[in-house]
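In: Predicted model, plus sequence, below.
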Amino acid sequence: MLSLVLSVAWYLFCVAQIFNLPYRRIGFCVGGERNARAGTFDALPTSSRRYGRLQVRATRHRTRNTCVACRDRPVASSIQKTFFKHDLILKLLLACSLVWLTACERSFSSSNQQRPAAESTVSARRVKGFRIAALPLERTVSAVGSLAAFDRATLSTKVAGRLQTIAVDIGSVVRFGETIAQIEPRDYQLQVQQSEALLAQARVRLGLPLDGTNDITDFEQTSTVRQMRALLDEAKANRERVLKLTQQGILSTSELETTEAAYKVALSRYEDALVEVRNRQALLAQRRAELEIARQHLTDTVISAPFDGAVQERRANLGEFLDAGTPLVTLVRMNPLRLRLEVPEREATNVRVGQKVRLKVEGSANVHTGEIKRLSPVIEEPTLMLRVEADVANPGGLRPGSFVRAEIVTDDRAVGILVPAGAITSFAGVEKAFVIREGKALEKLVTTGRRIGESLEILAGLEAGDVVVIEPGDLQTGQTVNLTDS
């Protein structure tokens, strides 16, 4: 094709040069301007005039004839010979060009005749296919979230004092009831002894033994009440006797009044005795409570683990004086763990308590399972997400705070289709696949779902029974294909 183009260009150039030559009948000299009246020199084209002048100047001194029109020597015969020579050369070039052009046209026509035959002999493209089949494929909802400790507690001191011992550090594993730290107990031991002494004193005042847990007593059996009771009985007897003697006229009325006043005083003292005994009973109960508080303070000097877990953070050191409520360590429960997920609003209606969850931790290929236990009653307004919590057993490789990708199994009896990932091509966000129909490739737009191993779930665009091309490459729709494997 290139040779044909060059031949045509050369042919056109030769024709242009031939038609641009001066006339053969030349009758002028170097003084051609003076011969313009004869009509010989000015009748030539501009390029021919310029060419003629150059030739005249080159040969003006070699001629011997005499020019009639001017005084210079004539050069007409020399110029005619020169132009005749160039004309012959251009004609030969033109003839060669015609021969070359004819040969190129024949070659081009023969190649055009052979090309369809060659193209017809090219075989169909060999491709590898995959026949789609419907498979049991559970429906899932994808979500992201994080793991959290099932329980997390910051252990603090309940009593003030100097930290005597601390038995754990970050990462330490502890069991329920295990001692974590202890405050110096001496001050609280003395408080217990003081409370015990006060309790014994209160028991004695009620007539109870020093030791014992029975703090209930009969008020009438206390010494104070018995004494006042005896005085009351005596005053009562005197009042009755004086009353009889007064009625008989033996004693005067003033003596009766004195006896009556003594009786009232004895009765009042008896009632005061009862009140005092009740007061001592209440004081005994107070002393008992003070003793329990002192013992509790002594017990609180030992900080123990409230559950099985591990130490996340240690906040105190030996020898520090700690006020009540000062944090010591942070403890987390490692098994089970809470899985906290956020589910989009459009998928929230499919999530239920009791559904299974599969999860993978970022950086690990292991798949863990759990179960939905708690659902938030509301959709979060800023994000339009439903907060979901699941319990996940921790065999030892999971850590609270890890980023998690999870799938909630909403329907484990659904049916779907899968195709190899290599059968799907994507460009500018558009996913497509090639199916084979009547021996030709047909492009179809598809919608993919989740990735399962080396396969992709097809949500729309393909059906069971279709044969898709694996690794289509630059395959075009309508192109003939030959299926090698299915």
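Out: Sure thing, it's come through.
In: Skipping its backbone neighbours, what lies nearest residue 143 in space?
Out: Closest residue to residue 143 apart from its sequence neighbours, by CB to CB, 6 or more residues apart in numbering: residue 341 at 4.3 Å. All C-beta spots, glycine's among them, are computed from the backbone N, C-alpha and C.
In: Using the three-state scheme, assign the one you found.
Out: The local conformation at residue 341, judged by DSSP: H, G, I helix; E, B strand; the rest coil, is strand.
In: and what of residue 372?
Out: strand.
In: what's across from it in the sheet?
Out: Beta-bridge partners for residue 372, by DSSP bridges, are residue 390.
In: what's the answer for residue 431, then?
Out: Residue 431 forms beta bridges with residue 426, as assigned by DSSP bridges.
In: number of nearby residues for it?
Out: 16 (other CB atoms under 10 Å).
In: so how far is residue 127 from it?
Out: Residue 431 sits 19 Å away from residue 127, taking CB to CB, to the nearest Å as the criterion.
In: need the contact list for the residue nearest to residue 143.
Out: 143, 144, 145, 357, 387, 388, 389, 390, 404, 406, 408 (CB atoms under 8 Å, 6 or more residues apart in numbering).
In: ok, now with 10 Å
Out: With contact set as CB atoms under 10 Å, 6 or more residues apart in numbering, residue 341 has these partners: 141-146, 351, 357, 359, 370, 372, 385-390, 404-406, 408.
In: helix or strand for residue 258, which one?
Out: helix 253-300 (DSSP states H and E).
In: Tell me which helix or strand comes right after that helix.
Out: Downstream of helix 253-300, the first helix or strand assigned by DSSP H and E is strand 302-304.
In: Tell me which other helices or strands the next helix-or-strand element following that following strand touches.
Out: Once the chain leaves strand 302-304, the next helix or strand it forms, by DSSP H and E, is strand 309-314. Packed against strand 309-314 by the contact rule (3 or more CB pairs under 10 Å, 6 or more residues apart in numbering; DSSP states H and E) you find strand 139-149, strand 152-156, strand 173-174, strand 179-183, strand 327-332.
In: Please identify which of the ones you listed is closest to residue 298.
Out: Among the helices and strands packed on strand 309-314, the nearest to residue 298 by CB to CB is strand 179-183 (9.8 Å).
In: Output the closest one in CSV, but only the C-alpha positions, please.
Out: Output of strand 179-183 as CSV, limited to C-alpha atoms (Å, rounded to 0.1, in the frame of the first residue of the first chain):
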residue,chain,number,x,y,z
THR,A,179,-5.8,-11.2,95.2
ILE,A,180,-4.6,-8.4,93.0
ALA,A,181,-3.4,-5.8,95.6
GLN,A,182,-3.5,-5.0,99.3
ILE,A,183,-3.5,-1.9,101.4
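In: Please name the strands paired to that strand in the sheet, noting orientation.
Out: Strand 179-183 is paired, per DSSP bridges, with strand 161-166 (antiparallel), strand 302-304 (antiparallel).
In: Buried residues of it, list them for me.
Out: 180, 181, 182, 183 (16 or more other CB atoms under 10 Å).
In: so how far is the next helix or strand after it from its chain's centroid?
Out: Where DSSP H and E defines the elements, the next helix or strand beyond strand 179-183 is helix 186-205. Averaging C-alpha positions (CA atoms, centre = their mean, to the nearest Å) puts helix 186-205 62 Å from its chain's average.
In: Could you check how many residues crowd around the nearest residue to residue 200 once chain neighbours are set aside?
Out: Closest residue in space to residue 200, ignoring its immediate chain neighbours: residue 210 at 4.4 Å, by CB to CB, 6+ apart. Using other CB under 10 Å, residue 210 has 11 neighbouring residues.
In: isn't there a helix covering residue 210?
Out: No: under three-state DSSP, residue 210 falls outside any helix and is assigned coil.
In: For it, give its distance to residue 203.
Out: Between residue 210 and residue 203 the computed distance is 6 Å (CB to CB).
In: Mutual contacts of these two, please.
Out: Here residue 210 and residue 203 share no contacting residue, scored by CB under 10 Å, 6+ apart.
In: thinking again about what came up before, among the helices and strands packed on strand 309-314, single out whichever gets nearest to residue 396.
Out: For residue 396, the closest of these is strand 173-174, at 10.8 Å, according to CB to CB.
In: which helices and strands does the closest one pack with?
Out: Applying 3+ CB pairs under 10 Å, 6+ apart, we find strand 173-174 packed against strand 309-314.
In: Name every strand pairing with the strand it packs on and say which way it goes.
Out: When DSSP bridges is applied, strand 309-314 pairs with strand 173-174 (antiparallel), strand 327-332 (antiparallel).
In: who touches it?
Out: With CB under 10 Å, 6+ apart as the test, strand 309-314 has contacts from 149-155, 166, 168-176, 180-181, 305, 327-335, 399-401.
In: got the angle between that strand and strand 139-149?
Out: Strand 309-314 and strand 139-149 are oriented at 60 degrees to each other (axes from the mean of the first three to the mean of the last three CA atoms, to 10 degrees).
In: Just give me how far stretch 254-265 sits from the chain centre.
Out: Taking CA atoms, centre = their mean, one finds stretch 254-265 lying 97 Å from the centre of the chain it belongs to.
In: buried residues in that stretch?
Out: Of the residues in stretch 254-265, those buried (16+ other CB under 10 Å) are 256, 259, 262, 263.
In: circling back to that earlier point, right, so of the helices and strands packed on strand 309-314, which gets closest to residue 476?
Out: Once the helices and strands packed on strand 309-314 are compared by CB to CB, strand 139-149 is nearest, at 34.8 Å.
In: Dump the strands paired with strand 179-183 to a markdown table, plus distance to residue 438.
Out: Formatted as a markdown table, these follow (distance: least, CB to CB, whole Å):
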| stretch | distance to residue 438 |
| --- | --- |
| strand 161-166 | 81 |
| strand 302-304 | 79 |
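In: didn't residue 203 look like it was pressed against residue 222?
Out: No: using CB atoms under 10 Å, residue 203 is not in contact with residue 222; the gap is 11.9 Å.
In: that older thread, need the strands paired with strand 179-183 in CSV (columns: mean pLDDT, mean neighbour count and distance to residue 470).
Out: Formatted as CSV, these follow (pLDDT from 0 to 100; neighbours: other CB atoms under 10 Å; distance: least, CB to CB, whole Å):
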stretch, mean pLDDT, mean neighbour count, distance to residue 470
strand 161-166, 94, 17, 64
strand 302-304, 95, 17, 64
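In: Quick one: residues contacting the residue nearest the centre of the chain.
Out: Residue closest to the average C-alpha location in the chain (CA atoms, centre = their mean): residue 144, at 6.3 Å. Contact partners of residue 144, counting by CB under 10 Å, 6+ apart, are 341, 342, 343, 359, 362, 403, 404, 405, 406.
In: Could you check how far the last one is from residue 196?
Out: For residue 406, the distance to residue 196 under the criterion CB to CB works out to 59 Å.
In: Return the helix or strand in the protein with minimum mean pLDDT.
Out: Sorting the helices and strands of the chain by mean pLDDT, DSSP states H and E puts helix 46-59 at the bottom, at a mean of 41.
In: Tally up the residues packed near the nearest residue to residue 324 once chain neighbours are set aside, please.
Out: Leaving out its chain neighbours, the residue that sits closest to residue 324 by CB to CB, 6+ apart is residue 160, at 5.0 Å. When neighbours are defined as other CB under 10 Å, residue 160 has 14 of them.
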